[in-house]
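S.K.: Give me a model of this one.
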Amino acid sequence: MPGPSKVEPEPDAAPTISVDDLAAASGYVGGYNGEKFPGGLGGSNAYDAFLNPYAPGGANVVDYWQLRAWSNRLFTENLYARGLIRRLITNEINTGMSLEATPVELITGMSEEGARTWTDDVEARFMLWGKSRRSDYAHLKDFGGLQRAARATALISGDVLIIPRRDRRSGLPKVQLIPGEWVRTPVDYKDRKRSNGNRVVHGIEIDKRGRHVAFWITQDPGQPDGDVTKMRRLPARGEKSRRKLAWLLYGTDKRLDEVRGQPLLSLVTQSLKEADRMRDAEQRAAALNAMLAMIVKKDEDKPGTLPITGGAVRKDQVTVADGLGGSRVLTLDAQLPGLILDELQTGETPESFNTQRPNVNFGAFEASILSAIAWANEIPPEILFLAFQNNFSASRAAQSEFKLYLNKARAEFCEGFCIPVYNDWLISSVFNGDVRAPGLLEAWRDPRKQHIYEAWINADWGGAIKLSVDLGKEVNAYIEMVKWGFCTPDRAARELTGTKWDANVARAAPQFKRLAEAFAPMAELENPTPEPAEGGGGKKDPNVDPDR
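M.R.: Coordinates of the predicted model:
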C-alpha cells in the first residue's frame, strides 16, 4: 500500500524548521540549557559544590572562602559597600529590636490584669538585662550593640555563630558572637566521623535528617584549613536538657540544601569595585587638571617669551631621576590667582588643558549603577542615596515599599537572633525564681505540652519607626481608623511611635495631672470667678440704679 504523498510547500511560503532541529541547523550542538547562541550564558559556576560539598560540582567551582574574603575586603576598602551595609543596619536594627511580651492568656490561665502585670515585669527585666553590658560575653556591647554586630557580620561574611554562655553568678545568659570563618571542617574529619552516620559540611556536623548537630570551631583562625590539634566540637543542643547551645545566623537568602550563608556583597562585588575605581580615576583626573591648567601653544618657530614663568614669581626646583642613571631639575612656579597674559609673541596662544575631565556624565553613570544595586537589595534608591527630591506621593510610595522589606528583614533577624536569646533568658529567669511562669519548665521538657511553652514565650518585636513624610496626615488617618474600629489604639501607637498604648496612657496620666496643676493659676487669670449678685453679700455697683 503506497504511503502518504509528500505535500510540497507553496512557492511563496517561508521555509519552516522544527524547533528540535534548531540547534543542529545552526551548527550548535550544546543541548537545551537556555542559551540562544553558543556561549550566550558563559561558563557555569558550581556554587553548590562549596555551599554543599556533596552537591555535584564542575570545572568552574567557586571558592566559597575566597568569596567571603572578597566581601570582607570590599567592606573595608570600598565606600559604596560600607554605605550599603550601614544603610541596612541603620534602618533594620538602629538602636536594637525591642521586646513586647504577649503571652497567650487563654493557654497560660492568666487574667487580663495579671497578664498585663506579668508583661510589664518581664519587659522591664529584659530591658535592664539588655542595657547592661553583662549581656555581652566580652562585656563590650549592650544587647542593641550585639544585634548590630551580629547583623553586620552576617551580611558581610554570610553567617555568624551565636553562643549563649551562662553567667555563673547571675544565672543569666551572656551572648558570644563567633565569626563564621572560625567554623571549619577539620582536615581529619573522616577519622572523627561518628558511628551515628553524621557528616561534616563546612564545619557543621549534620545528621541524616539534615539537622545541625554540632559546630567544629578552629581555635587558631590564622589556619584556614583548621589545625587538627586546635579544633573544638560544640554541640548545637545539650544532650540532656536539649537547650540550644549554638546556632548560625544567616545574613541573606539561603536555599534548602545550603548549610552556609552567602555574603550580601557577593552579588555586587565587581560592580562596586569598578564603580569605586572609576570614581578614583575621575578624582585623579580632576587633580591633574588642576596641576596642569594651561599651556602656551606656539604656532611659529620663534623664541618663546615665557609669559607665565618669566615674571617675578617664586620658583621652586625639584630634582628627579631621568631614567638613564642621571637626574634633571624641574622648576615649579607659584602663580598668583587671576594672572593676565599680555604682549605675547606672535604665534603664541594660551590654550587650556583638557577640560573634559572629570567626566560630566559620571554622576548619572554612578547613579545608574547604584540604582541597580539598590534594586537588587530591595532598597528604594531614595533610601540608599538619602536624597528625597520627589513629590509626596512618590516619597510615600518609596517609604511604603521599604517598610515591606523592613518587616520581612526584621522578622527573619528576630527569628534567628532575638527570639532564641529571649527564650534562653526567660527560661533562666524562671530557673532563678525572678519570673513566675507556672508550667513553663515542665512544658519545655515535655513535647506533648509544647503549646503551653509556646504560649509563655510568645512575643512581638518592634524596631525603629520610620516617620511619615507627612506625619499630620498619617496621624489623622490612624485616628479615623481607630474611630471606626479598623485599627486598635495599641496597633496605632506601635506603628506610629513604636510604643505601647497602655504604657503611654499609664505614664501620661500623672504627667497630665501635674501639667493641669501647673496651668491652674493661668486658667484663673483667663477665666476669673464671677462676683455674686446683690443680696448675696457682695458689694453694690454704684453705677446701677436700684429703683430701675
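S.K.: how about residue 119, secondary structure?
M.R.: At residue 119 the chain is in helix, as set by DSSP: H, G, I helix; E, B strand; the rest coil.
S.K.: what pairs with the residue nearest to it when sequence neighbours are not counted across the strands?
M.R.: Sequence neighbours aside, residue 101 is the residue nearest to residue 119 in space, at 4.6 Å (criterion: Cβ to Cβ, 6 or more residues apart in numbering). For every residue, glycine as well, the C-beta is placed using N, CA and C. Going by DSSP bridges, residue 101 is paired in beta bridges with residue 459.
S.K.: close enough to count as contact, residue 101 and residue 125?
M.R.: No - using Cβ atoms under 8 Å, residue 101 is not in contact with residue 125, being 10.1 Å away.
S.K.: Settle it for me: which of these two has more neighbours?
M.R.: Neighbour totals were compared for residue 101 and residue 125, and residue 101 leads with 19 against 16 (other Cβ atoms under 10 Å).
S.K.: Name the single longest helix found in this structure.
M.R.: As assigned by DSSP state H, the longest helix anywhere in the chain is helix 501-526.
S.K.: mind checking the SS state of the most centrally placed residue in the chain?
M.R.: The centroid of the chain falls nearest to residue 88 when counting by Cα atoms, centre = their mean (2.7 Å). Recorded secondary structure, residue 88: helix (three-state DSSP).
S.K.: which residues touch it?
M.R.: Residues near residue 88 by Cβ atoms under 8 Å, 6 or more residues apart in numbering: 151, 155, 264, 377, 379, 409.
S.K.: nearest spatial neighbour of the first one, skipping sequence neighbours?
M.R.: Spelled out, that is residue 151. Nearest residue to residue 151 in three dimensions, chain neighbours excluded: residue 93, at 5.4 Å (Cβ to Cβ, 6+ apart).
S.K.: Could I get the contacting residues of that neighbour?
M.R.: Neighbouring residues of residue 93 by Cβ under 8 Å, 6+ apart: 144, 147-148, 151, 413, 463.
S.K.: Which of those residues fall in helices?
M.R.: Among the contacts of residue 93, the residues falling in helices (DSSP H) are 144, 147-148, 151, 413.
S.K.: Now for residue 188, how many residues are close by?
M.R.: Counted with other Cβ under 10 Å, the neighbours of residue 188 add up to 11.
S.K.: buried residues in stretch 67-76?
M.R.: Neighbour-count burial for stretch 67-76, counted by 16 or more other Cβ atoms under 10 Å, picks out 67-68, 70-72, 74-75.
S.K.: hmm, back to that, which member of the contacts of residue 93 exhibits the greatest number of neighbouring residues?
M.R.: Ranked by neighbour count (other Cβ under 10 Å), the contacts of residue 93 have residue 147 at the top, with 26 neighbours.
S.K.: Check the spacing between that one and residue 472 real quick.
M.R.: Using Cβ to Cβ, to the nearest Å, residue 147 is found at 32 Å from residue 472.
S.K.: before we move on, the earlier item: wait, which of the buried residues of stretch 67-76 is closest to residue 204?
M.R.: Closest approach to residue 204 among these (Cβ to Cβ): residue 68, at 15.1 Å.
S.K.: who touches that closest one in this structure?
M.R.: 157-158, 180-181, 263.
S.K.: can you give me the strands for the stretch 201-350 of the chain?
M.R.: Taking DSSP state E, counting those that start in this stretch, the strands of the stretch 201-350 of the chain run over residues 204-206, 212-218, 231-235, 247-250, 294-298, 314-321, 327-334, 348-352.
S.K.: could you say what helices and strands the shortest one packs with?
M.R.: The contact analysis (3 or more Cβ pairs under 8 Å, 6 or more residues apart in numbering; DSSP states H and E) places strand 204-206 against strand 199-201, strand 212-218.
S.K.: now the ones you listed as TSV including distance to residue 429, mean pLDDT and mean neighbour count?
M.R.: Converted to TSV, the helices and strands packed on strand 204-206 look like this (distance: least, Cβ to Cβ, whole Å; pLDDT from 0 to 100; neighbours: other Cβ atoms under 10 Å):
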stretch	distance to residue 429	mean pLDDT	mean neighbour count
strand 199-201	35	85	19
strand 212-218	26	92	21
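S.K.: Out of those, flag the one nearest residue 500.
M.R.: Closest approach to residue 500 among the helices and strands packed on strand 204-206 (Cβ to Cβ): strand 212-218, 35.7 Å.
S.K.: And that closest one, what does it pack against?
M.R.: Counting contacts by 3+ Cβ pairs under 8 Å, 6+ apart, strand 212-218 packs against strand 204-206, strand 231-235, strand 247-250.
S.K.: most neighbours per residue, which of the ones you listed?
M.R.: Looking across the helices and strands packed on strand 212-218 with neighbours counted as mean count of other Cβ atoms under 10 Å, the highest average goes to strand 204-206: a mean of 21.
S.K.: Point out where the stretch 351-500 of the chain drops to low pLDDT.
M.R.: For the stretch 351-500 of the chain, applying pLDDT under 70 flags the ranges 353-357, 469.
S.K.: list the buried ones in stretch 423-431?
M.R.: Quick answer for stretch 423-431 (16+ other Cβ under 10 Å): 423-430.
S.K.: Residues contacting that stretch, please?
M.R.: Outside stretch 423-431, the residues that touch it by Cβ under 8 Å, 6+ apart are 122, 125-126, 129, 164, 166, 171-173, 243-244, 435-437, 440-441, 444, 456-457.
S.K.: Please check the residues you listed and keep the buried ones.
M.R.: Neighbour counting with 16+ other Cβ under 10 Å marks 122, 125-126, 129, 164, 172-173, 244, 435, 437, 440, 444, 456-457 as buried within those.
S.K.: which two of the residues you listed lie the greatest distance from each other?
M.R.: Longest span within the buried ones among the contacts of stretch 423-431, Cβ to Cβ: 125 and 244, 20.5 Å.
S.K.: Isn't residue 204 up against residue 212?
M.R.: Yes - at 5.6 Å, residue 204 counts as touching residue 212 under the criterion of Cβ under 8 Å.
S.K.: between the two, what contacts are shared?
M.R.: Joint contacts of residue 204 and residue 212 (Cβ under 8 Å, 6+ apart) are 248, 259.
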